[in-house]
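Enquirer: Predicted model and sequence below, questions to follow.
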Amino acid sequence: MINNDEMFEYALVYNDYKGSTKKQVRDALASGQDVVMRLDVQGAATVRKLAPQAVLVFLTTKNKRELVNRLKNRKTDAARI
């Protein structure tokens, strides 16, 4: 799909491609639906370039300690000293 230019946005995340197809986005917009995507910063930057009128919302934790706790608890990254 990437090679055929069928992706609206995509990224390589943990050695796996994630993204949204142009068809998904076009079909939703054509039917009058809003499109909600859960993106990382890289994906949001791509959407911003492709659809400058898009409304982007960034969610974060209330403080650094909470962020560190969430990252540790999801156990997807190696611990660093």
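Expert: Received it, and whenever you're ready, just let me know what you need. Residues are numbered from 1 along each chain as shown.
Enquirer: The most centrally placed residue in the chain and Met7, how far apart?
Expert: Nearest to the mean C-alpha position of the chain, by Cα atoms, centre = their mean, lies Leu39 at 1.3 Å. As judged by Cβ to Cβ, to the nearest Å, Leu39 and Met7 stand 13 Å apart. Quick note: C-beta positions are derived from backbone N, CA and C, even for glycine.
Enquirer: for Thr76, same thing?
Expert: Distance from Thr76 to Met7, by Cβ to Cβ: 23 Å.
Enquirer: Specify the beta-bridge partners of Gly19.
Expert: Counting by DSSP bridges, Gly19 forms beta bridges with Tyr10.
Enquirer: got a list of what it touches?
Expert: If a contact means Cβ atoms under 8 Å, 6 or more residues apart in numbering, then Gly19 has 7-11, 43 as its contacts.
Enquirer: which pair in those residues spans the largest distance?
Expert: Phe8 and Ala11 (11.8 Å; Cβ to Cβ).
Enquirer: ok, Met7 - contacts?
Expert: The contact partners of Met7, by Cβ under 8 Å, 6+ apart, come to 1, 19-22.
Enquirer: try 10 Å
Expert: Contacts here follow Cβ atoms under 10 Å, 6 or more residues apart in numbering; on that basis Met7 touches 1, 17, 19-25, 46.
Enquirer: Narrow these to those in helices?
Expert: Among these, the ones falling in helices (DSSP state H) are 22-25, 46.
Enquirer: Please convert these to CSV, extending it with neighbour count and pLDDT.
Expert: Conversion of those to CSV gives the following (neighbours: other Cβ atoms under 10 Å; pLDDT from 0 to 100):
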residue, neighbour count, pLDDT
Lys22, 14, 94
Lys23, 12, 96
Gln24, 15, 93
Val25, 18, 92
Thr46, 18, 91
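Enquirer: so how far is Asp40 from Asn63?
Expert: Taking Cβ to Cβ as the measure, Asn63 falls 21 Å from Asp40.
Enquirer: Right, I'll leave it there.
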